[in-house]
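A.B. asks: Below: sequence and its predicted model.
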Amino acid sequence: MASIKTNINSGGANIGFHELKKQASFFFKEKIKSARLALTDVTPAQLLAEEATNGDPGCPDARTLKMISKAAFEVDDYWRIVDILHRRLVRFEKMNWRPSYKALIVVEHLLTQGPERVAEEFQIDSEAIKKMESFQYIDDQGFNWGLNVRKKCERVLKLLEKGPLLKEEREKARKISRGIQGFGSFCSRNCSPQDTLREPSFARSYSESNHHEEDLFPVQTEKPLNLENSESVDTKENWGTDNNNLLRETSAGSTNEPLLGEKKNNDPAKVPVSNTHPFDDQLTAISLLSAADEN
């Protein structure tokens, strides 16, 4: 019984030690990364490309690949990312195959979602990629990594031919990207950071004033007012026709956009009335004179 407890305690101690070691390693890596950013000319995109193609187990995730492909459209970051990938592909080793395999994954993503010049850029690495096709390796769990590497090499080489497959894959990726960006988006205009900071506060003010609008300025619409040479009082449906003055929802997620068919005045504190409103001074004088004549 005592031996079982000892084994459990030792097992827990080992787990705690490995977890502590992992956290310490992550902490030091983050410190080194911060120091490189502060003291050298390295860019965040360059660090991201290095981490995505390191020798650690696991492959770069979709978010990392998307950030790298987006950064590749900047000239400086493009050359930094490409240089890292060239070095990873050329330095392929059977005992250290993960960096080269990860580089293939990044290259494949750049070919379909990065700049068009990537296909021309990695033509010089075709021979190095072909050498990787002969790689064979099965891990302790029986997973055939050699087969994965060969399939990835074949696909990248096919894309580098700049034939119909590359065009189809880029078009497919473009449609998927547009679908993801358009889903749930109700505003297509580009907002500046200043607009993003200003408009939510304006929207809240508009909402608060609109909430009490009818209490402050009631409008009678049950019966039309019969006045000489006058028109009925405008109701909410007749207020303002300029859609440009309506409050538009920003991409930050504002929900104060007017309903379909409803039109709001840009300044809720001013209730628009027609030129022949019964409270007009001239009409009031005419009404009083008419009453005096009748008496």
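C.D. replies: Structure's in. What do you need?
A.B. asks: in the helix or strand harbouring residue 46, what counts as buried?
C.D. replies: Here residue 46, judged by DSSP states H and E, is contained in helix 44-52. Using 16 or more other CB atoms under 10 Å as the test for burial, helix 44-52 gives 45, 46, 47, 48, 49, 50, 52. Bear in mind the C-beta positions are built from the backbone N, C-alpha and C, glycine included.
A.B. asks: same deal with stretch 59-76?
C.D. replies: Using 16+ other CB under 10 Å as the test for burial, stretch 59-76 gives 60, 64, 65, 67, 68, 69, 71, 72.
A.B. asks: same thing with stretch 123-131?
C.D. replies: For stretch 123-131, burial by neighbour count (16+ other CB under 10 Å) applies to 125, 128, 129.
A.B. asks: Residue 107 is in contact with residue 52, correct?
C.D. replies: No. Taking contacts as CB atoms under 8 Å, residue 52 lies outside contact range of residue 107: 11.1 Å.
A.B. asks: low-confidence ranges in the stretch 151-295 of the chain?
C.D. replies: Along the stretch 151-295 of the chain, the parts satisfying pLDDT under 70 run over 180-295.
A.B. asks: And for the stretch 1-150 of the chain?
C.D. replies: Within the stretch 1-150 of the chain, the segments meeting pLDDT under 70 span 1-15, 21-22, 25-28.
A.B. asks: redo that, cut-off 80
C.D. replies: Within the stretch 1-150 of the chain, the segments meeting pLDDT under 80 span 1-39.
A.B. asks: tell me which element residue 105 falls in.
C.D. replies: Applying DSSP H and E as the criterion places residue 105 in helix 98-113.
A.B. asks: ok, residue 138 - contacts?
C.D. replies: Neighbour list for residue 138: 144, 145, 146 [criterion: CB atoms under 8 Å, 6 or more residues apart in numbering].
A.B. asks: Tabulate those residues (TSV), appending neighbour count, secondary structure and distance to residue 174.
C.D. replies: Shown next, in TSV, are the contacts of residue 138 (neighbours: other CB atoms under 10 Å; DSSP: H, G, I helix; E, B strand; the rest coil; distance: CB to CB, whole Å):
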residue	neighbour count	secondary structure	distance to residue 174
144	12	strand	33
145	15	helix	31
146	17	helix	33
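A.B. asks: What is the nearest of those residues to residue 17?
C.D. replies: residue 145 (28.9 Å; CB to CB).
A.B. asks: measure the closest one to residue 112 for me?
C.D. replies: 23 Å (CB to CB, to the nearest Å).
A.B. asks: do residue 118 as well
C.D. replies: From residue 118 to residue 112 the distance is 9 Å (CB to CB).
A.B. asks: which residues touch residue 93?
C.D. replies: By CB under 8 Å, 6+ apart, residue 93 lies in contact with residue 100.
A.B. asks: Tell me the secondary structure of it, please.
C.D. replies: coil (DSSP: H, G, I helix; E, B strand; the rest coil).
A.B. asks: how near is it to residue 55?
C.D. replies: On the measure of CB to CB, residue 93 and residue 55 end up 10 Å apart.
A.B. asks: Next: residue 157.
C.D. replies: 23 Å.
A.B. asks: same question, residue 129
C.D. replies: Residue 129 sits 19 Å away from residue 55, going by CB to CB.
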